[in-house]
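Asker: Generate a structure from the sequence data that follows.
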Amino acid sequence: MNVPETQRNGKKNNVRFRVAIVGCGIGGLTLAATISKFTIEQDGIIKVDMYESKSEVSVIGAGVGIWKRSWQVLQDLGFEEELVKREVKVPVDGESRGPIFRKSDQPTPGYDFHDHVMPYGPLGLHRPTLLEILQSKLSANCTIHTSKALVSYTVHAGDNDSGITLHFADNTTAEADILIGADGVYSATRQTMFSGLAEETGNKEYAQYARAEYSGTLAYRGPVPTEKLKEKYPQHIVLNRPKAWCGKSQHVITHPLGPYIGIILYMYRPDLSSPHLARFQNQSVVPSSRDEVLALCEGWEPELREVLECIDPDPSKVSCWVIHRVKPLPFCVLGNVGLIGDAAHAMLPHQGVGGGQAIEDAHLLGRLLTHPKAAVSSPSRPSTLPIILKLYETFRLPAAQKAAEASYDNGLMYEFNYPGLVFGDSQADPNSRGPTPDELKVLGERIGESFTWLKEGDVEGDWQKTEAELEKM
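Answerer: Here you go, the predicted model:
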């Protein structure tokens, strides 16, 4: 998606305050779109400047899981009409079929142990489509600046509000009243916030939150051409339903996506000295191959290996990702600086909720910033912006961290590592029996229960609770 530097300058007078958003991904664009929708111009313009490190607004990764709460946000921003125009199926209330979970880490045929029924019919939205629609919702008071990689920021205390200077890799700077870091798991905003706090206070504990940490998980991605698989195995079980092929400390997800079957192999490898990690150095994605994926599933059931043998042999089509996450932060707001999305709570992908949490963060924060009570200081009153940002933190950070914990727990369940559901370790001990069908039945029930919270959602009701707290100011 090629987006040159886009100037959308509104009136220069009557500006309430200036918001700098670092990152033009899902969270950053949702925040800008929410501010655009809810700003009442007679109360004053909110000037939004967005800074994207790349030369264009683009994304990597698969689709975004849109569950009930994030769908309510997108409906509020006018997405339903846009998706209907594009003939994209929208989410529906009620149960829907999910993946079939299967025990597969043995050379004999595996067996299904959980036919997953999701409590809500989520939407798998193509990331470029999501970003394209969000950009269409930006007002004339939003400006997108590309090739602007944030290095750090400086807060200047003054007689009025504390102004913020953003420092970019190209040696330029920018000014703002509020800085929102929507710059992902490797957030420079978060690094500056917590590294600076560790230095200022002498409390080195804060430094641990500055950088992302290795999650213990690697992910291998590669496509299987559907026609190639059909030619060899016309009745193969992966052709019609998503499957989760589970084993000790790793699992494979297969998902039919029309012309190809999407394959993701997740491996739990917490040892940082592992040879699998040595090749990454300072990269998060490196090339892989079909042969490497097959080798990692040596000794797994024949039906899975039949699929993996059909992975596109082109080395450029197969990659290995090291997955980092953000250690649970004690806070995500400091003064007039805040963090949203992966910058605040990057999580593992095992419930497919990371993008949705960024959307929820951005929507609530955008509504708070556009509220009439949000204002910089004046001779008659102090600034309300730090309190506004803290309200966002109070309502969103615990909820997002709970979602991150749930995603982590699901990974442990898929790979037979969940505490309290300890099975025999067939890889460590060849004589171990491994999980029994009865044990796996209990595990399947636990997996089903872990998704029930995703059918709940009342974003407008949550806003009313937040606004009630705001009115007490």
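
Asker: hey, let's count contacts and neighbours off CA atoms from now on
Answerer: OK.

Asker: Mind pulling up the pLDDT for the residue nearest to the spatial centre of the chain?
Answerer: Centroid check for the chain by Cα atoms, centre = their mean gives residue 354 as the closest residue, at 2.9 Å. Note for residue 354: predicted pLDDT of 94.

Asker: what sits against it?
Answerer: 341, 342, 346, 347, 348, 404 (Cα atoms under 8 Å, 6 or more residues apart in numbering).

Asker: Got the phi and psi for residue 220?
Answerer: phi -100, psi 130 (degrees, to the nearest 10).

Asker: And the helix of greatest length in the chain, what does it pack against?
Answerer: What stands out as the longest helix in the chain, according to DSSP state H, is helix 385-414. With contacts defined as 3 or more Cα pairs under 8 Å, 6 or more residues apart in numbering; DSSP states H and E, helix 385-414 has these neighbours: strand 333-334, helix 342-345, helix 354-370, helix 437-450, helix 459-471.

Asker: Tell me which of the ones you listed approaches residue 297 most closely.
Answerer: helix 437-450 (20.5 Å; Cα to Cα).

Asker: which stretches of the stretch 151-300 of the chain form helices?
Answerer: 188-201, 226-232, 275-278, 290-296 (DSSP state H, counting those that start in this stretch).

Asker: nearest to residue 388, of these?
Answerer: Of all the helices of the stretch 151-300 of the chain, helix 188-201 sits nearest to residue 388, with 18.2 Å by Cα to Cα.

Asker: Just give me how far that closest one sits from the chain centre.
Answerer: 23 Å (Cα atoms, centre = their mean, to the nearest Å).

Asker: quick one: contacts of that helix?
Answerer: 22, 150-153, 180-181, 183, 203-207, 209-211, 334, 339, 343-344.

Asker: Are any of these buried, and if so which?
Answerer: 22, 150-153, 180-181, 183, 206-207, 209-211, 339, 343-344 (16 or more other Cα atoms under 10 Å).

Asker: Which of those fall in strands?
Answerer: Members of the buried ones among the contacts of helix 188-201 lying in strands (criterion: DSSP state E): 22, 150, 151, 152, 153, 180, 181, 339.

Asker: didn't the fifth one look like it was pressed against residue 163?
Answerer: No - Residue 153 is beyond contact range of residue 163, at 10.4 Å (criterion: Cα atoms under 8 Å).

Asker: Could you measure from residue 261 over to residue 282?
Answerer: Using Cα to Cα, to the nearest Å, residue 261 is found at 30 Å from residue 282.

Asker: which of the two has more neighbours?
Answerer: When residue 261 and residue 282 are compared for neighbours, residue 261 comes out ahead with 25 against 7, by other Cα atoms under 10 Å.

Asker: In contact with that one: list those residues for me.
Answerer: Counting by Cα under 8 Å, 6+ apart, residue 261 touches 223, 224, 225, 226, 238, 239, 254, 255.

Asker: Could you identify the buried members of the residues you listed?
Answerer: Using 16+ other Cα under 10 Å, the buried members of these are 223, 224, 225, 226, 238, 239, 254, 255.

Asker: Excluding chain neighbours, give the residue nearest to residue 65 in space.
Answerer: residue 124 (4.8 Å; Cα to Cα, 6 or more residues apart in numbering).

Asker: I should have written residue 149 there, sorry.
Answerer: Nearest residue to residue 149, sequence neighbours excluded (Cα to Cα, 6+ apart): residue 53, at 4.0 Å.

Asker: how about that neighbour, secondary structure?
Answerer: Recorded secondary structure, residue 53: coil (DSSP: H, G, I helix; E, B strand; the rest coil).

Asker: confidence score at residue 252?
Answerer: Taking residue 252 on its own, its pLDDT is 98.

Asker: close enough to count as contact, it and residue 268?
Answerer: No - using Cα under 8 Å, residue 252 is not in contact with residue 268; the gap is 11.7 Å.

Asker: the more surrounded of those two?
Answerer: Applying other Cα under 10 Å to residue 252 and residue 268 shows that residue 252 carries more neighbours, namely 25 against 18.

Asker: give the contact list for the more buried one.
Answerer: 244, 245, 246, 263, 264, 265, 266.

Asker: One more: residue 178?
Answerer: Contacts of residue 178 by Cα under 8 Å, 6+ apart are 17, 18, 19, 20, 163, 164, 336, 337, 385.

Asker: Take the ones in strands among the buried ones among the contacts of helix 188-201 and write them to CSV, including pLDDT and distance to residue 101.
Answerer: Supplementary listing: those in CSV, determined by pLDDT from 0 to 100; distance: Cα to Cα, whole Å:
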residue, pLDDT, distance to residue 101
22, 98, 39
150, 98, 42
151, 98, 44
152, 98, 45
153, 98, 47
180, 98, 40
181, 98, 37
339, 98, 36
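
Asker: Distance to residue 318 added to those, as CSV?
Answerer: Shown next, in CSV, are those (distance: Cα to Cα, whole Å):
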residue, distance to residue 318
22, 30
150, 30
151, 31
152, 34
153, 37
180, 34
181, 31
339, 32
